[in-house]
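*Asks:* Here is my input, please return the structure:
(chains A and B)
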There are 2 protein chains.
Amino acid sequence: MAPRYFVLSVDKAFAVLESFSGERPHLSATEVGRISGLNKATARRLLLTLSDLGYVEAPANGKYRLSPKILQLSRRYLDGLDIPALALPILQDLTRNTGEASNIAVADGKDVVYVARVSVPQRILSTNLDVGSRLPLHATSLGKVLLFGMTSKERQVRLGTPPWPGFTSRTRITWEMLEQDFRAIAVSGVSVADRELDEGLCSMAAPIRDHTGHIVAAINLSAHHLTMPAQTLFQAHRNALLNAAQSISQSLGWTLSEEESLRE
Amino acid sequence: MAPRYFVLSVDKAFAVLESFSGERPHLSATEVGRISGLNKATARRLLLTLSDLGYVEAPANGKYRLSPKILQLSRRYLDGLDIPALALPILQDLTRNTGEASNIAVADGKDVVYVARVSVPQRILSTNLDVGSRLPLHATSLGKVLLFGMTSKERQVRLGTPPWPGFTSRTRITWEMLEQDFRAIAVSGVSVADRELDEGLCSMAAPIRDHTGHIVAAINLSAHHLTMPAQTLFQAHRNALLNAAQSISQSLGWTLSEEESLRE
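*Replies:* Below you'll find the model as predicted:
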């Protein structure tokens, strides 16, 4: 049962907004009701309210859609985050110097969420990822670095009981597999995901720390296994990635410790 | 008075979300109440509800902040829009070939809202704009092209009674000034904004049309007046901009008319 403070119509309003997607950008009140599990009258009242507030548009054909005002909410979040604005020139340099796409993500629930991305326009083969995209923490280099920075209790709350979903035969689906990666991160400063989310994808991530040393975000390079296997990615670009991560961390007030600077 | 269907608590929930900004990323319930005009108890109930829904985070220090889940709403909008995904490679080429930042925007109320952007990383001097940023329709090249595509009634509803806010001495603040620009767009296919929003900024925009020929978005190049005055921008890059706009329009199903292809 919902707690006493819980405002049910707010829950319903977000269920209405969440009915829309890339596959279903235009929806009637009936369709919204079916997708969100609300009755049609409620769906319609909420759509009209959201339309008055400017977050939904009601075009002439009777199908509603999300309005560009929804982007403002993202901007409020991203503008308050500091990291993307600070980091974008550094990401752009990293991609220019390495030739691989670079990303910054934060943790949200069981997922990493991309908050900044620089892709490689020349590439025909590319991932369908952008700011706001979500991927599972346990199956990505970004996620493994973020998990590395958490207490074991926080990890347990986020990931729940293993085995977690496996996407390839290499996905880390147990605590034992993850712990092994954490030991590698402690030694090398970076996490590597070698075809763990997708058979064609390799990536390498490093932590971004705030002034207290806490890992608040992660930065990675992602590449295709055929052109850049994980081992090559690690050997060729680990230092560039660590330098980028450290530049961003320093701009967040973190001072490089002696231990870090001596890391091999 | 609000219409009968209006769900007041949904309005309040968005007022809570809109309390946060880049300048105020962390807020207590009291602060949210003060900014949104709600009483503290209501602000707190809504913050707790939004936190249960995952759109707000309540960190240890008692200050709430927006959560990365808010980015999902943007993705739902952008993924449904088609244009940014189709257009990004074209924007990237345009910026590479011209050396100037390029943007795509749609109209929302009195504003243009950026839905895709490719900046020039080498530039030290840059505008503080990104996806989700808003600028007034009447003061931007993007906005003037979007207004050009509207009926005069729609323009009146959006812009209201002139004079509109002037940002420089060149801002188009009356219908007469705008109509003059519309005639220039009809001839050249592009709109130019010459230091109309900011003394240092010039830009040139072209319309993006859907399969019906309706102008659904606009694409522009924006440059600094000192390095690239409006006249130079027009002479050097009009064709590149028109070609980019036409490529995107064609991928939306629009067929180039004879009139357009003969345009000088």
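*Asks:* give me every residue that touches A:R155.
*Replies:* By CB atoms under 8 Å, 6 or more residues apart in numbering or on different chains, the residues touching A:R155 are A:L147, A:L178. Yep, even glycine has a C-beta here, placed from its N, CA and C like the rest.
*Asks:* Now whichever residue of the stretch 151-264 of chain A sits closest to chain B, what are its backbone angles?
*Replies:* Among residues of the stretch 151-264 of chain A, the one nearest chain B by CB to the nearest CB turns out to be A:A217. It sits 10.2 Å away. When read as degrees, to the nearest 10, the backbone of A:A217 gives phi -160, psi 170.
*Asks:* A:V187 too?
*Replies:* phi -80, psi -50.
*Asks:* What is the neighbour count of it?
*Replies:* 9 (other CB atoms under 10 Å in any protein chain shown).
*Asks:* try the one 3 residues further on
*Replies:* Number of residues near A:V190 (other CB under 10 Å) recorded here: 26.
*Asks:* shouldn't it be in contact with A:R238?
*Replies:* Yes - between A:V190 and A:R238 there is a contact at 5.6 Å, judged by CB atoms under 8 Å.
*Asks:* shared neighbours of these two, anything?
*Replies:* A:M204.
*Asks:* Spatially, what comes nearest to the residue of the stretch 151-264 of chain A closest to chain B if we skip its sequence neighbours?
*Replies:* Excluding its sequence neighbours, the residue lying closest to A:A217 (CB to CB, 6 or more residues apart in numbering or on different chains) is A:I208, at 4.2 Å.
*Asks:* Double-check that that neighbour belongs to a strand.
*Replies:* Yes - checked against DSSP: H, G, I helix; E, B strand; the rest coil, A:I208 lies within a strand.
*Asks:* quick one on the thing from earlier: check the gap between the residue of the stretch 151-264 of chain A closest to chain B and A:M204 for me.
*Replies:* 15 Å (CB to CB, to the nearest Å).
*Asks:* ditto for A:S9
*Replies:* 45 Å.
*Asks:* And for A:T49?
*Replies:* Note on A:T49: its distance to A:M204, by CB to CB, is 46 Å.
*Asks:* Repeat that for A:R155.
*Replies:* 21 Å.
*Asks:* just A:V10 next, same as before
*Replies:* Distance of A:V10 to A:M204, computed by CB to CB: 40 Å.
*Asks:* So between these two, which is more surrounded?
*Replies:* Shown here are A:V10 and A:M204; by other CB under 10 Å, A:M204 has more neighbours (28 against 23).
*Asks:* For the more buried one, identify the helix or strand it belongs to.
*Replies:* Under the criterion of DSSP states H and E, A:M204 resides in strand A:201-209.
*Asks:* same deal with A:I248?
*Replies:* Using DSSP H and E, A:I248 falls within helix A:230-251.
*Asks:* tell me the angle that helix makes with strand A:201-209.
*Replies:* 20 degrees (axes from the mean of the first three to the mean of the last three CA atoms, to 10 degrees).
*Asks:* Tell me where the stretch 1-150 of chain A has strands.
*Replies:* Assigned by DSSP state E, counting those that start in this stretch, the stretch 1-150 of chain A shows strands spanning A:56-57, A:65-66, A:101-108, A:111-118, A:134-136.
*Asks:* The fourth one: how far from the chain's middle?
*Replies:* Think strand A:111-118. The chain centroid and the centroid of strand A:111-118 are separated by 4 Å under CA atoms, centre = their mean, to the nearest Å.
*Asks:* what angle separates it from strand A:101-108?
*Replies:* 150 degrees.
*Asks:* Can you spell out which helices and strands pack onto strand A:111-118?
*Replies:* In this structure, strand A:111-118 packs against helix A:83-98, strand A:101-108, strand A:134-136, helix A:141-148, helix B:70-81, with contacts taken as 3 or more CB pairs under 8 Å, 6 or more residues apart in numbering or on different chains; DSSP states H and E.
*Asks:* If you drop the residues flanking it in sequence, what lies closest to the residue positioned nearest the centre of chain A?
*Replies:* Nearest to the geometric centre of chain A sits A:V113, at 1.7 Å (CA atoms, centre = their mean). Nearest non-adjacent residue to A:V113, counting by CB to CB, 6+ apart: B:P68, 4.0 Å away.
*Asks:* Run through the residues of the stretch 51-200 of chain A sitting next to chain B.
*Replies:* A:52-55, A:65-81, A:88-89, A:92-93, A:96, A:106, A:108-109, A:113-115, A:121, A:130-134 (CB under 8 Å from any CB of the partner chain).
*Asks:* cutoff 7 Å now
*Replies:* A:52-54, A:65-77, A:79-80, A:89, A:92, A:106, A:108-109, A:113, A:115, A:121, A:131-133 (CB under 7 Å from any CB of the partner chain).
*Asks:* which of the residues you listed count as buried?
*Replies:* Buried members of those, scored by 16 or more other CB atoms under 10 Å in any protein chain shown, are A:52-53, A:65-77, A:79-80, A:89, A:92, A:106, A:108-109, A:113, A:115, A:121, A:131-133.
*Asks:* For the stretch 1-150 of chain A, give me the ranges with low pLDDT.
*Replies:* Residues of the stretch 1-150 of chain A meeting the criterion pLDDT under 70: A:1, A:60, A:121-128.
*Asks:* how does it look with 80?
*Replies:* A:1-2, A:59-60, A:82, A:85, A:121-129 (pLDDT under 80).
*Asks:* quick one: A:L71 and B:V112 touch, right?
*Replies:* No - assessed by CB atoms under 7 Å, A:L71 is found out of contact with B:V112, at 11.6 Å.
*Asks:* right, so the helices and strands packed on strand A:111-118: which one is the most enclosed?
*Replies:* helix A:141-148 (a mean of 28; mean count of other CB atoms under 10 Å in any protein chain shown).
*Asks:* and the closest residue to A:G143 other than its chain neighbours, what does it touch?
*Replies:* Leaving aside its sequence neighbours, A:G143 sits nearest to A:L137 (CB to CB, 6+ apart; 3.4 Å). Residues near A:L137 by CB atoms under 7 Å, 6 or more residues apart in numbering or on different chains: A:A107, A:K110, A:D111, A:V112, A:G143, A:L146, A:L147, A:R158, A:L159.
*Asks:* repeat for A:S21
*Replies:* By CB under 7 Å, 6+ apart, the contact list for A:S21 reads B:R76, B:D79, B:G80.
*Asks:* count of neighbours near the nearest residue to the second one once chain neighbours are set aside?
*Replies:* Taking CB to CB, 6+ apart as the measure, B:D79 lies nearest to A:G22, with 2.9 Å between them; neighbours along the chain are not counted. A total of 15 residues lie near A:G22 under the criterion other CB under 10 Å.
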